[in-house]
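Colleague: What follows is a predicted structure for the sequence shown.
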Amino acid sequence: MNIQSVPHYMIFESKIVFSVDELAVYLRVSKSTVYRLVHEGAIRGCKVGRDWSFDHAEIDSWIEKREADFFDGTAVMSEHRKGRRAGRFK
């Protein structure tokens, strides 16, 4: 990937990182979902002051692992999703 073709990325110590807004767009989820994923420990980020940064390579590895788990049939539903799903049928 050419860094010049993606002007919204920041380069920090030779790493490409996302902000919360950029990661939400990249994953096609809401910002609150990004914060939930961090809170659950599904993804790792670095918080400096009020701002979060996420390593592009780690996010891509996380996506690849989730895809592999999905296709292997070993995917695990998060506790958040389990609770929401169970609540629908009460």
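Modeller: That came in fine, so what should we check first? Numbers count the residues shown, from 1 in each chain.

Colleague: in the host helix or strand of E67, what's buried?
Modeller: Using DSSP states H and E, E67 sits in helix 56-72. Buried residues in helix 56-72, counted by 16 or more other Cβ atoms under 10 Å: H56, I59, W62. Every residue, glycine included, has its C-beta placed from N, CA and C.

Colleague: and the closest residue to C46 other than its chain neighbours, what element?
Modeller: The shortest distance from C46 to any non-neighbouring residue, by Cβ to Cβ, 6 or more residues apart in numbering, is to S53 (4.9 Å). S53 belongs to strand 51-55 when assigned by DSSP H and E.

Colleague: And the contacts of that strand?
Modeller: Contact with strand 51-55 is made by 10, 12, 15-20, 23, 34, 38, 43-47, as judged by Cβ atoms under 8 Å, 6 or more residues apart in numbering.

Colleague: can you pull out the strands in this protein?
Modeller: Counting by DSSP state E, the chain has strands at residues 10-12, 15-18, 46-48, 51-55.

Colleague: Let me have those in JSON lines, adding mean neighbour count as columns.
Modeller: Listed next are the strands of the chain as JSON lines, based on neighbours: other Cβ atoms under 10 Å:
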{"stretch": "strand 10-12", "mean neighbour count": "11"}
{"stretch": "strand 15-18", "mean neighbour count": "18"}
{"stretch": "strand 46-48", "mean neighbour count": "9"}
{"stretch": "strand 51-55", "mean neighbour count": "17"}
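
Colleague: just the contacts of strand 51-55 now: which is nearest R66?
Modeller: I43 (10.2 Å; Cβ to Cβ).
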